[in-house]
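Student: The amino acid sequence is not available; the structure is as follows:
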DNA sequence: TGACAATGTTACCGATCTGTAACATCTACC
DNA sequence: GGTAGATGTTACAGATCGGTAACATTGTCA
């Protein structure tokens, strides 16, 4: 019910929003379609009329998250055009904001962890996206003059993924709230080691 | 069956080993007691005679993992006595080994993530352990002469947690394999900023 | 108002999962 | 060898979950 007041009036959108929220909180296997439908102020039958199966719903949720991530990236590139260093700093700051937001789009990473060791149809989708994001970030770091751009992106990946985990399990008292200064230090450290 | 050949002959120990292995691979909610008992070359009835419930089994597994983590820490302190810097470097190296091991004891972190938003009896146990480990590591960093020891421990926490996630979802091709050099760089960076 | 599409409601099926009961078998120890 | 305790086997109860069928209700537009 909480999701319904602020959400679009169409059941399809309400269901997607509720599903993304509950998947984040309880995991894909940890929440049932009945609870999702109820949280969307709808019902299981309507859910299944819009999405043929729970797997399909998961896939649609991930596609929505991917679209948001795409907008996130494009916005960074547009805000500071032709200034890779500013774009990289912007990326760190915005990534930190996303992590500590209630409604963050880190579910792609969550899904990657939960779909491993299973033959979920969305698994390859998530893996390809991760590779794309890392390739883009490597290029950005290289443009910003970082020597070992691959290693920096690996470091940022670990920090982001760790911060997302930590935020979910430790919340506001955890290390995730210090993601931005930590990542900024790491970036500065790599900048200093530029050839 | 695979677990049984190399495992202790007693059903109780075989079940614990199989449970820890399968909880890591599939998550606590992702595996059933029947599958655990079968993997331990035992049966569900014996499992329930030793552990009253699945939750109790989870708790015992976490206690075993905590005992191993305790041994891990004591070994580090013993290997390089009165040399905090060497102990810190040792911690980084061994943590990297653990992360990329098949049988690692990172299940405490996994459990923390999976038990959040649920009233599992082991939740507080895991949270208290995490606080203890971080407190110890902060003291070690301080002894090693690190200026902002809390922030370094936060950074290492994020890196470890991220590496564990990444290792499970991306495996040998992922960023987790570069955990040790990344963490070493971060530690060196914090060492340089010593007051 | 009438008609059609979308949505809600209820009930159910089959599979899976936790947990238990009853009984059979094995193993250690005297 | 015999007995007690630990273990294995089978069957089942109760709950949950994914998914479907049939029917009732609502909303929309002509």
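Tutor: Good, I have the coordinates. The model shown is predicted, which means the values in this text are computed figures rather than measured ones.

Student: Neighbours of residue A:27, how many?
Tutor: Burial measure for residue A:27: 21 neighbouring residues, criterion other Cβ atoms under 10 Å in any protein chain shown. Every C-beta, even on glycine, is put in place using the N, C-alpha and C of the backbone.

Student: Quick check on it: phi, psi?
Tutor: phi 90, psi 160 (degrees, to the nearest 10).

Student: Relative to residue A:19, how far out is the residue in chain A that DNA strand D sits nearest to?
Tutor: Residue nearest to DNA strand D within chain A: residue A:32 (3.0 Å; Cβ to the nearest atom of the strand). As judged by Cβ to Cβ, to the nearest Å, residue A:32 and residue A:19 stand 11 Å apart.

Student: who has more neighbours, these two?
Tutor: Neighbour comparison, residue A:32 and residue A:19: the larger count goes to residue A:19, with 28 against 13 (by other Cβ under 10 Å).

Student: Next up, identify which helix or strand that one is on.
Tutor: helix A:11-26 (DSSP states H and E).

Student: Can you name the element that comes right after that helix?
Tutor: Note on helix A:11-26: by DSSP H and E, the next helix or strand toward the C-terminus is helix A:33-39.

Student: Pull out the buried residues from that following helix.
Tutor: A:33, A:36-39 (16 or more other Cβ atoms under 10 Å in any protein chain shown).

Student: What helices and strands are in contact with it?
Tutor: Taking 3 or more Cβ pairs under 8 Å, 6 or more residues apart in numbering or on different chains; DSSP states H and E as contact, the helices and strands that helix A:33-39 lies on are helix A:2-6, helix A:11-26, helix A:44-50, helix A:54-79.

Student: shaky segments in chain A?
Tutor: Residues of chain A that meet the criterion pLDDT under 70 lie in A:1-8, A:102-114, A:116-118, A:195.

Student: Up against DNA strand C, what does it have?
Tutor: A:10-12, A:41-46, A:49-50 (Cβ under 7 Å from any atom of the strand).

Student: Apply 6 Å and report the result again.
Tutor: Where chain A comes near DNA strand C, counting by Cβ under 6 Å from any atom of the strand, the residues are A:10-11, A:42-43, A:45-46, A:49.

Student: which of those residues count as buried?
Tutor: Buried among the residues of chain A next to DNA strand C (16+ other Cβ under 10 Å): A:11, A:42.

Student: Now distance to chain B too, for the residues of chain A next to DNA strand C, in CSV please.
Tutor: CSV is the format used below for the residues of chain A next to DNA strand C (distance: Cβ to the nearest Cβ, whole Å):
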residue, distance to chain B
A:10, 28
A:11, 25
A:42, 22
A:43, 24
A:45, 26
A:46, 26
A:49, 28
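
Student: so which of the residues of chain A next to DNA strand C comes closest to residue B:154?
Tutor: Using Cβ to Cβ, residue A:42 is the member of the residues of chain A next to DNA strand C that sits closest to residue B:154, with 41.1 Å.

Student: With adjacent residues omitted, what lies nearest to the closest one?
Tutor: residue A:11 (4.6 Å; Cβ to Cβ, 6 or more residues apart in numbering or on different chains).

Student: buried set for the helix or strand residue A:94 falls within?
Tutor: If you go by DSSP H and E, residue A:94 is part of helix A:84-99. Using 16+ other Cβ under 10 Å as the test for burial, helix A:84-99 gives A:84-85, A:87-92, A:94-96, A:98-99.
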